[in-house]
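Participant: here are the coordinates; sequence isn't available:
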């Protein structure tokens, strides 16, 4: 199965968060372009998640602890951990969820 | 859990394939830098895999079908499918495996 990311539709699933979603049997990969200032409120889910900032600066609060993330940094979020954040600058972020985030299909 | 990819050790796990391995509970992310001309013989494994070329050109043969992959292209490899390939140019590749590739720990 070949996926061309240049031809994959981007959807604004959260205000200011424009994502291309790739679903396999076991994972969801989300390629986000995030507008500067966009926020995602604190939330949690049963999926494990890795978040990698590939451009820009994103501020993330995990279990009450806030820090900023930049290119080259990856954060692992265990299932059910509370997290939320905001884009300090416009950002590109790659999230990997396991299992699949069915609500993003 | 914060991972700084700039400080993560790279290991030459296959000749010409230098990888930084990130393992969570459920997945392995492999960030490869591949030397031009490096080859990985045909093989298979029970893990599902996505392969994303982020720099350069990589030729991959999946189930006997050969094509080249470049930036913006992602290929999904189902469990047990035979695949192998070679770097046409020096490449950067991100692989995601599910479940964890224990032999890469």
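Facilitator: Here it is on my side, so go on. Source: prediction; values computed, not measured.
Participant: any idea which helix or strand comes after the helix or strand bottoming out on mean pLDDT in chain A?
Facilitator: One helix or strand of chain A scores below all others by mean pLDDT, DSSP states H and E: strand A:2-4, with a mean of 93. From strand A:2-4 onward toward the C-terminus, using DSSP states H and E, the following helix or strand is strand A:11-14.
Participant: for that following strand, which strands pair with it and how are they oriented?
Facilitator: strand A:17-23 (antiparallel) (DSSP bridges).
Participant: buried set for the strand it pairs with?
Facilitator: For strand A:17-23, a neighbour-count test (16 or more other C-beta atoms under 10 Å in any protein chain shown) marks A:17, A:19-23 as buried. To be clear about C-beta, it is placed using only N, CA and C from the backbone, and glycine gets the same treatment.
Participant: please apply the same query to stretch A:68-77.
Facilitator: So, applying 16+ other C-beta under 10 Å, buried residues of stretch A:68-77: A:69, A:73-77.
Participant: distance of residue A:100 from residue A:24?
Facilitator: 7 Å (C-beta to C-beta, to the nearest Å).
Participant: ok, the two, which is more surrounded?
Facilitator: A count of neighbours by other C-beta atoms under 10 Å in any protein chain shown puts residue A:24 above the other of residue A:100 and residue A:24, at 21 against 16.
Participant: just to revisit the earlier point, which members of the buried residues of stretch A:68-77 occur in strands, if any?
Facilitator: A:69, A:73-77 (DSSP state E).
Participant: near chain B, which of those show up?
Facilitator: A:73-76 (C-beta under 8 Å from any C-beta of the partner chain).
Participant: export the buried residues of strand A:17-23 to JSON lines and tack on pLDDT?
Facilitator: JSON lines is the format used below for those (pLDDT from 0 to 100):
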{"residue": "A:17", "pLDDT": "98"}
{"residue": "A:19", "pLDDT": "98"}
{"residue": "A:20", "pLDDT": "98"}
{"residue": "A:21", "pLDDT": "97"}
{"residue": "A:22", "pLDDT": "97"}
{"residue": "A:23", "pLDDT": "97"}
